[in-house]
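Novice: Build me a structure from this.
(one chain, ligands or ions: 1)
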Amino acid sequence: MQYRNLGSSGLLVSPVCLGTMTFGTPVAESDAIRLTQAAMDLGINFIDTANVYEGYARYLGSSGGVAEEIVGKALVGRRDKAIVATKVCAPVGPGPQDRGLSATHILREVDRSLRRLQTDYIDLYIIHWPDREVPPETTLAAIDQVVRAGKVRSFGISNHSAWQMCEFLWLADRNGWPKAVSSQIPFSLLRREFQHDLDFCRKYGIGVTPYQALQSGLLTGKYRRGQPPPSDSRAAEKPDWIWKLDDSLFDKLERAESLAKELGVPMSQYALAWTLTQPAITSPIVGVKRLDQIQDAVAATAVSIPTEHLKQLDAICPAPWKQHDPIRG
Ligand SMILES: NC(=O)c1ccc[n+]([C@@H]2O[C@H](COP(=O)([O-])OP(=O)(O)OC[C@H]3O[C@@H](n4cnc5c(N)ncnc54)[C@H](OP(=O)(O)O)[C@@H]3O)[C@@H](O)[C@H]2O)c1
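Specialist: Predicted coordinates:
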């Protein structure tokens, strides 16, 4: 495993990060513990969770905590081998203080996450979503407090665009507060709207850890035009967590898959390897249900995509500025 620098954090992380959003359901606790430990045995040292994750049981405002508890159990006796990322902001209850990026919520949630993770420090504490009600100065001052208390080692951002990251960076610079070292965004061959921001991240030392790099499993070759989804797939088990399967999607998938076949690699490995060719991307976060899916993700790190393929993939799934622009034509 070739470990990579996570932005300017000084942390060396595996080029695949283990996602835990399915821990609880459909991945039961004992399986999730086994999967986490197997991933670490394969060299994955980077684990992504969130205070709200509880698998398919999740609903808006439910209390979460399930995935963090499972990760905590999986890491007993191995904590120092893992880089653990967790997140704050999404609702964990119905009350006004049960969400967001206020100091009250952050200071309360960081302690809950530490308890569930059975640790006294979080390697990477991530702001899950922007909170337009709270000034960024308030949030950064709270992050500064948890870093100074030793509860958090470094801080990252998720679902923010480049201008919002920029605001956090200059406020940090002006006030001596911690700088964001990572950005977690939705990004895959099929979903490139954050493509513009990758160069910004590269320039300012922000490691990008994209989520849904397999587009919830669409980029694995398991879904076929005209056929029902496999019964054990996300499209069958949790259809509201995956895009609708339609002809325009299959047009792209089939063209991309023919290139993967040319290279002799499975579509899942090809799609992850493509993600790793993009600027500033450190480690795609991969959600997994079974051990073979982890092994597949690890194998993807050895796949190299030829330049000619990159051009063809740009034609199949264009970056935003290559798509039709009603003003510039
Ligand atoms: N920051 C955020 O707002 C945010 C949002 C979403 C997710 N995340 C993070 O990103 C992680 C990944 O998200 P995700 O699970 O939604 O997306 P994903 O990684 O694109 O999709 C994972 C799903 O694809 C299928 N799969 C994975 N490897 C496969 C393989 N080799 N062959 C066939 N199928 C395979 C599995 O589903 P089935 O086997 O069930 O089909 C798996 O559960 C989450 O766990 C979480 O840590 C963050």
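Novice: Just the mean pLDDT for stretch 126-135, thanks.
Specialist: In this model, stretch 126-135 has a mean pLDDT of 97.
Novice: An error on my part: the question was meant for stretch 242-255.
Specialist: What stretch 242-255 shows for mean pLDDT is 97.
Novice: Adjust the sequence numbering to begin at 341 for everything that follows.
Specialist: In the new numbering, first residue 341, that becomes stretch 582-595.
Novice: State whether residue 570 and residue 562 are indeed in contact, as I suppose.
Specialist: Yes - under the criterion of CB atoms under 8 Å, residue 570 makes contact with residue 562 at 5.8 Å. (Glycine included, C-beta is placed from N, CA and C.)
Novice: The longest helix along the chain near the ligand at all?
Specialist: Of all segments of type helix in the chain, defined using DSSP state H, the longest is helix 587-603. No - remark: helix 587-603 sits outside contact range of the ligand, by CB under 6 Å from any ligand atom, the gap being at least 12.4 Å.
Novice: Can you give me the buried ones in that helix?
Specialist: 589-590, 592-593, 596-597, 599-600 (16 or more other CB atoms under 10 Å).
Novice: Can you spell out which helices and strands pack onto the helix or strand following that helix?
Specialist: Next in sequence after helix 587-603, counting helices and strands by DSSP states H and E, comes helix 607-616. In this structure, helix 607-616 makes packing contacts with helix 587-603, helix 631-640, judged by 3 or more CB pairs under 8 Å, 6 or more residues apart in numbering; DSSP states H and E.
Novice: Can you lay out those helices as CSV showing distance to residue 418?
Specialist: Formatted as CSV, the helices and strands packed on helix 607-616 follow (distance: least, CB to CB, whole Å):
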stretch, distance to residue 418
helix 587-603, 34
helix 631-640, 16
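Novice: out of the ones you listed, nearest to residue 404?
Specialist: Closest approach to residue 404 among the helices and strands packed on helix 607-616 is made by helix 631-640 (23.5 Å; CB to CB).
Novice: Identify the residues contacting that closest one?
Specialist: Residues outside helix 631-640 that contact it (CB atoms under 8 Å, 6 or more residues apart in numbering): 341, 356, 358, 374-375, 378-379, 382-384, 606, 608-613, 616, 626, 628.
Novice: Could you rerun that using 6 Å?
Specialist: 356, 378-379, 382, 608-609, 612-613, 626, 628 (CB atoms under 6 Å, 6 or more residues apart in numbering).
Novice: Then stretch 558-577?
Specialist: Residues contacting stretch 558-577 (CB under 6 Å, 6+ apart): 554, 556-557, 581-582, 585, 590, 597, 607-608, 611.
Novice: just how off-centre is that stretch within its chain?
Specialist: Centroid displacement of stretch 558-577 relative to its chain, using CA atoms, centre = their mean, to the nearest Å, is 22 Å.
Novice: what's the spacing between the nearest residue to residue 656 once chain neighbours are set aside and residue 530?
Specialist: Residue nearest to residue 656 in three dimensions, not counting chain neighbours: residue 595, with 4.7 Å by CB to CB, 6 or more residues apart in numbering. Here the distance between residue 595 and residue 530 works out to 12 Å (CB to CB, to the nearest Å).
Novice: Need the residues touching each of these two.
Specialist: Common neighbours of residue 595 and residue 530 (CB under 6 Å, 6+ apart) do not exist.
Novice: Near the ligand, which residues of the stretch 391-540 of the chain? Just list them.
Specialist: Neighbours of the ligand within the stretch 391-540 of the chain, by CB under 6 Å from any ligand atom: 468, 498-499, 524.
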